[in-house]
Structures are given as structure tokens and as C-alpha cells.
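A.B. asks: Using only what follows, build the 3D model:
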Amino acid sequence: MHKITQVQVKPNYTLALVFDDGTAGEIALGDRLFGPMFEPLKDPSLFAQVSIDPFGALCWPNDADLAPDALYHAVRKQITN
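C.D. replies: Reported below is the predicted structural model:
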């Protein structure tokens, strides 16, 4: 399992990610912000509070989190296309 080591908030609910193996890319999350955990992240100030937990996953103060594996595969797919 790859861990996220760096995250930077970009405009339009996009995050620039760096993983422990050096893989880097951006992931747009605007169309994924629905449901009880992720809908609050439509507030740009809350979205900007993203951090990385000890397991290398993205997390927010409202307890929303995203596993690094799915994000890693999405970034790798962008690189190879």
C-alpha cells in the first residue's frame, strides 16, 4: 500500500498529491463531494483543511477520509494515459 506524503490544495476542489514512491499528480474531487461525509467539503474553507493521517490517507476535521490506494491508482492512470 502506498502512502501519501504531501498534499497541496489547488483551485476547484483539486489536490496535488505526492506518494511515498515519488509518484505525483493531481486529483479533482469536485464531482465526488456528495453524501453525509463529503458534502460538507464543498465549503472551500473545510476542504482546504485536508491533512494526511499516520497511515498516509487524506483526512479532514469532519472525519471524512480517502484511502491512498484508490488515489494512487487514479494518479498512475493519469500518468500512463
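
A.B. asks: looking at this structure, which helix or strand is least sure?
C.D. replies: Lowest on mean pLDDT, DSSP states H and E among the helices and strands of the chain sits helix 68-80, with a mean of 91.

A.B. asks: Flag every buried residue along it.
C.D. replies: Within helix 68-80, the residues scored as buried using 16 or more other C-beta atoms under 10 Å are 68, 71, 72, 75. (Each C-beta comes from the backbone N, C-alpha and C, glycine too.)

A.B. asks: Which residues does it contact?
C.D. replies: 1-4, 17, 19, 23-27, 55-58 (C-beta atoms under 8 Å, 6 or more residues apart in numbering).

A.B. asks: How about stretch 41-50?
C.D. replies: With contact meaning C-beta under 8 Å, 6+ apart, stretch 41-50 is reached by 7, 9, 13, 15, 29, 33, 40, 58-62, 64.
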